[in-house]
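1. how does the following fold in three dimensions:
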Amino acid sequence: MASQEVIRVSVDATIENLVDVWDAERGRIAAEDVPRVRIREALVDTRVMGLALPTGLIRQLGLQKRSERRVTTSDGDATAQG
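-> As a prediction, this is how the structure comes out:
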């Protein structure tokens, strides 16, 4: 079996609740009141189309559950909410 080089990709990221961003654009709330979470060195998985956040950050951003699906994580099978 050939060995493969593993490359770790990370970025600094700012995550916002899009509904709050839209409300700020429409003048419903002040731009500085949009909840933001800054994450230093967030790990990027180049094979995944999505974003996984811990429950605490989801609550902090005020995100609402829209859907649910089964996923496989490094800790095993889980339920992801979208």
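2. show residues contacting stretch 15-30.
-> 31, 33-39, 51, 53, 57, 61-63 (Cβ atoms under 8 Å, 6 or more residues apart in numbering). Where C-beta positions appear, they are placed from N, C-alpha and C, glycine not excepted.
3. distance between the ends of it?
-> From its first residue to its last, stretch 15-30 covers 17 Å (Cα to Cα, to the nearest Å).
4. just stretch 61-75 next, same as before
-> This stretch, stretch 61-75, spans 24 Å end to end (Cα to Cα).
5. on that earlier part again, by pLDDT, give me the weakest of the contacts of stretch 15-30.
-> Ranked by pLDDT, the contacts of stretch 15-30 bottom out at L51 (82).
6. how far away is it from I39?
-> From L51 across to I39, the span is 10 Å (Cβ to Cβ, to the nearest Å).
7. more neighbours: these two, which one.
-> Using other Cβ atoms under 10 Å, the more surrounded residue of L51 and I39 is I39, with 14 against 9.
8. for the nearest residue to that one once chain neighbours are set aside, list the residues it contacts.
-> Spatially, and ignoring its direct neighbours in sequence, I39 is nearest to A13 (4.8 Å; Cβ to Cβ, 6 or more residues apart in numbering). Contact partners of A13, counting by Cβ under 8 Å, 6+ apart, are 38-39, 42.
9. paired strands for the helix or strand that contains A13, with orientation please.
-> Using DSSP states H and E, A13 sits within strand 9-16. Its sheet considered, strand 9-16 pairs with strand 36-44 (antiparallel) by DSSP bridges.
10. check what contacts the strand it pairs with and list those residues.
-> Outside strand 36-44, the residues that reach it (Cβ under 8 Å, 6+ apart) are 8-16, 57, 60-61.
11. go again using 6 Å as the cut-off
-> Residues outside strand 36-44 that contact it (Cβ atoms under 6 Å, 6 or more residues apart in numbering): 9-16, 57.
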